[in-house]
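**Q** Only the shape, not the letters, is given here:
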């Protein structure tokens, strides 16, 4: 578990499933993903995140507000051993419910995740990537000190898909 002044980044709990499914079904939240997720897909993703944390002790954590314990979304780290031409690597990512945008919460959680990556895991580098259309996430990458190193076509998408072209950012310890 990680804590910031306003947030708790923690293992997933059963109570997170409904708000996570709502977040993943929101077309605004998911506009830079191929499609919103059905409830079963969202639950499966939460299970994978939870299993990763149980196995490694870290991953994409569930994020809640300290004051109210409301679920905000997920932020954290994920190993990418072989999916990309720049693998193996560790990715940082985030997905917050729309009600929590523009409050600095993603920045706060991302900074805590980076501190964990470098100070606890002793990683030399963390990467992040998103569609070139996703300027809000790209701006957050810049705000946390990452540097754009290239553009690439995401291997899970057809080359002519509207989201296929991605940016890659890196941050070294």
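**A** That came in fine, so what should we check first? Note that the coordinates shown come from a computational prediction; the quantities given were computed from them, not determined experimentally.

**Q** tell me the secondary structure for residue 166?
**A** strand (DSSP: H, G, I helix; E, B strand; the rest coil).

**Q** show me what contacts it?
**A** Shown in contact with residue 166 (Cβ atoms under 8 Å, 6 or more residues apart in numbering): 129-132, 151-154. C-beta coordinates here come from the backbone N, C-alpha and C atoms, glycine included.

**Q** How about the contacts made by residue 170?
**A** Residue 170 neighbours (Cβ under 8 Å, 6+ apart): 125-127, 146-147, 149.

**Q** thinking again about what came up before, if any of the contacts of residue 166 are buried, put those into a ChimeraX selection.
**A** Applied in ChimeraX, the following selects the buried portion of these according to 16 or more other Cβ atoms under 10 Å:
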select :129,130,131,154
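
**Q** Pull out the buried residues from the helix of greatest length in the chain.
**A** In the chain, assigned by DSSP state H, the helix with the most residues is helix 39-56. Using 16+ other Cβ under 10 Å as the test for burial, helix 39-56 gives 42-43, 45-46, 49-50, 52-53.

**Q** Tell me what angle the very next helix or strand once past that helix forms with helix 39-56.
**A** Sequence order places strand 60-65 as the next helix or strand after helix 39-56, per DSSP states H and E. Orientation check (axes from the mean of the first three to the mean of the last three Cα atoms, to 10 degrees): strand 60-65 against helix 39-56 gives 100 degrees.

**Q** so which pair among the contacts of residue 166 is furthest apart in space?
**A** Using Cβ to Cβ, these span at most 13.3 Å, a distance reached by 130 and 153.

**Q** Tell me which stretches of this structure form helices.
**A** Under DSSP H, the chain gives helices at 17-25, 39-56, 105-115, 135-143.

**Q** Columns mean pLDDT and distance to residue 158 on top of those helices, output as a markdown table?
**A** Formatted as a markdown table, the helices of the chain follow (pLDDT from 0 to 100; distance: least, Cβ to Cβ, whole Å):
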| stretch | mean pLDDT | distance to residue 158 |
| --- | --- | --- |
| helix 17-25 | 98 | 22 |
| helix 39-56 | 97 | 20 |
| helix 105-115 | 97 | 29 |
| helix 135-143 | 96 | 21 |
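
**Q** Quick one, which of these gets closest to residue 83.
**A** Closest among those, using Cβ to Cβ: helix 39-56, at 14.0 Å.

**Q** before we move on, the earlier item: quick one: closest of the helices of the chain to residue 71.
**A** Nearest of these to residue 71, taken as Cβ to Cβ: helix 17-25 at 4.2 Å.

**Q** Noted, bye for now.
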